[in-house]
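Engineer: need a 3D model of the following:
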Amino acid sequence: EIAFQVNFLAHYLLTHLLEAALTSDPGGRVVNVSSSMHRTGAIQWNDPQRARRYSRVAAYAQSQLALTVFAADPRVTAVSVHPGVCDTAMLPLYAHEGCAPAEGAAHLVRLCDPATEIVNGAYYDRDQRVEPAPRATDERTVKRLNKLADAAVGVGG
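Structural biologist: So this is what the prediction gives:
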């Protein structure tokens with residue numbers, strides 16, 4: 001499923017490949033661009049590609065939940081951020097109006113700045129730290145997702 005591959009597995013693999021660099025010096029961090037849609041997501045453990053029952057919105061929400069769960073993995077310092085609904089070419093798929101892309105990007109840039117203190121595994125809605133969906137920080141879900149992702153991208157856990 002393309003949303004799961006692009007929105008989550010690609011990030012997972014890139015972070016895995018950069019893990020040594022991210023953990024060798026203080027200040028290394030991953031900032032995942034997530035979405036408030038993670039709150040409606042459910043990971044289909046037996047069918048993450050959603051081959052049996054496909055819904056574009058459900059697939060997107062699943063990918064955003066996976067990305068938000070991934071920030072709770074303790075191997076690297078990471079956070080997830082919902083930059084707000086931005087007025088991009090994808091806007092018509094999910095909303096009617098949104099903020100300027102530069103406004104959404106400013107929230108990401110702030111969290112990337114080493115001078116900005118972050119809480120490892122935290123979820124930010126624009127510039128505010130808020131609680132993610134409860135399943136996003138569940139330790140069992142983190143382990144299960146890592147196992148699934150390791151197998152999908154062909155790396156050892």
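Engineer: residues contacting the spatially closest residue to residue 51 that is not a sequence neighbour?
Structural biologist: In space, and not counting its chain neighbours, residue 51 is closest to residue 1: 7.9 Å by Cβ to Cβ, 6 or more residues apart in numbering. C-betas here are computed from N, CA, C, even on glycine. Applying Cβ atoms under 8 Å, 6 or more residues apart in numbering, we find residue 1 in contact with 48-51, 54, 59, 63.
Engineer: give me the buried subset of those.
Structural biologist: Buried subset of the contacts of residue 1 (neighbour count, 16 or more other Cβ atoms under 10 Å): 48, 50, 59, 63.
Engineer: helices - which of those residues land there?
Structural biologist: 59, 63 (DSSP state H).
Engineer: and which of the buried ones among the contacts of residue 1 is nearest residue 107?
Structural biologist: residue 63 (19.5 Å; Cβ to Cβ).
Engineer: my read: that closest one touches residue 8, true?
Structural biologist: Yes: counting by Cβ atoms under 8 Å, residue 63 touches residue 8, with 4.9 Å between them.
Engineer: ok, which stretches of the protein are strands?
Structural biologist: All strands of the chain, identified by DSSP state E, fall at 30-33, 78-82, 123-125, 128-130.
Engineer: residue 77 reaches residue 117, doesn't it?
Structural biologist: No: applying Cβ under 8 Å as the test, residue 77 and residue 117 come out as separate, 11.2 Å apart.
Engineer: between these two, who's got more neighbours?
Structural biologist: residue 77 (18 against 6; other Cβ atoms under 10 Å).
Engineer: in contact with residue 152, which residues?
Structural biologist: Residue 152 makes contacts with 9, 48, as judged by Cβ under 8 Å, 6+ apart.
Engineer: measure it to residue 24 for me?
Structural biologist: Noted for residue 152: a distance of 26 Å to residue 24, by Cβ to Cβ, to the nearest Å.
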